[in-house]
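Peer 1: Turn this into a structure:
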Amino acid sequence: MKINLPEDVERLSELKAGDYVEISGFMYTARDAAHKRIKKLIEDKKELPFDLKNNGIYYVGPTPSGERVYGSAGPTTSSRMDVYTPELLDMGLKFMVGKGRRSKDVKEAIIRNKAVYFVAAGGAGALLGSCVKEVEDIAFEDLLSESVKKITVKDFPVFVGIDCDGNDIYER
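Peer 2: Numbering: from 1, shown residues only. Presented below is the predicted three-dimensional model:
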């Protein structure tokens, strides 16, 4: 299935765990250090650098890009963000892209918020990076490759890891 995000966010409810999806549109990038700073902004009741509502986060830190728009963009292990994820989902985040299992708390927040967790293939960073067509710096530039960026993607290949009903490919 091809899906444009975040424009087609209402179509997330159609997806089932294990479905192959090609994402076009945009998402934000954020890893551990950026999540920690986002959490601090929330605690301090400050404005976030991007709107979570109906948007998505890709857990990635690219390699240097060379002549391409974006370097190798393999997914980071998602469980490292599990401590932050339920709150972000409750604030409107609708999808995440990463690799590996998620915690019970994350799964419950996915169900509660009718969100989706997508799994990207680890080891396929060069392929995934070639799907990135535009990059815009958003926040925390001092974190270098772990800074928050807005990336525009075309036909970005993923599988549904956890659907909005809580079905989980890691539990099949």
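Peer 1: Neighbours of the closest residue to Val132 other than its chain neighbours, how many?
Peer 2: Closest residue to Val132 apart from its sequence neighbours, by Cβ to Cβ, 6 or more residues apart in numbering: Tyr70 at 3.7 Å. The way it works is simple: take the backbone N, C-alpha and C, and place the C-beta from them, glycine included. Neighbour count for Tyr70, taken as other Cβ atoms under 10 Å: 24.
Peer 1: isn't Tyr70 right up against Thr152?
Peer 2: No. Between Tyr70 and Thr152 there is no contact under Cβ atoms under 8 Å: 9.9 Å.
Peer 1: one step back: check contacts around the residue nearest to Val132.
Peer 2: By Cβ atoms under 8 Å, 6 or more residues apart in numbering, the contact set of Tyr70 is 62, 129, 132, 135, 151.
Peer 1: Check Arg172 too.
Peer 2: Each residue near Arg172 by Cβ under 8 Å, 6+ apart is listed here: 17-18.
Peer 1: measure it to Thr29 for me?
Peer 2: Plainly put, Arg172 is 29 Å away from Thr29 if you go by Cβ to Cβ, to the nearest Å.
Peer 1: ok but Leu12 is inside a helix, no?
Peer 2: Yes. Counting by DSSP: H, G, I helix; E, B strand; the rest coil, one finds Leu12 located in a helix.
Peer 1: follow-up on the earlier one: list buried members of the contacts of Tyr70 by neighbour count.
Peer 2: Among these, those classed as buried by neighbour count (16 or more other Cβ atoms under 10 Å) are 62, 129, 132, 135, 151.
Peer 1: can you tell me which of the residues you listed are in strands?
Peer 2: 132, 135, 151 (DSSP state E).
Peer 1: TSV please, covering these and showing pLDDT and distance to Leu5.
Peer 2: Below are these laid out as TSV (pLDDT from 0 to 100; distance: Cβ to Cβ, whole Å):
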residue	pLDDT	distance to Leu5
Val132	92	14
Val135	92	17
Ile151	95	12
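Peer 1: With respect to Gly92, which of these is nearest?
Peer 2: Of all these, Gly92 sits closest to Ile151, with 19.1 Å by Cβ to Cβ.
Peer 1: Can you name the residues that contact the residue nearest to the closest one when sequence neighbours are not counted?
Peer 2: Spatial nearest neighbour of Ile151, chain neighbours left out: Val132 (5.0 Å); criterion: Cβ to Cβ, 6+ apart. Going by Cβ under 8 Å, 6+ apart, Val132 touches 68-70, 73, 151-153, 156.
Peer 1: and what of Ile169?
Peer 2: 17-18, 119, 159-162.
Peer 1: Could I get the pLDDT score of it?
Peer 2: With respect to pLDDT, Ile169 has a value of 97.
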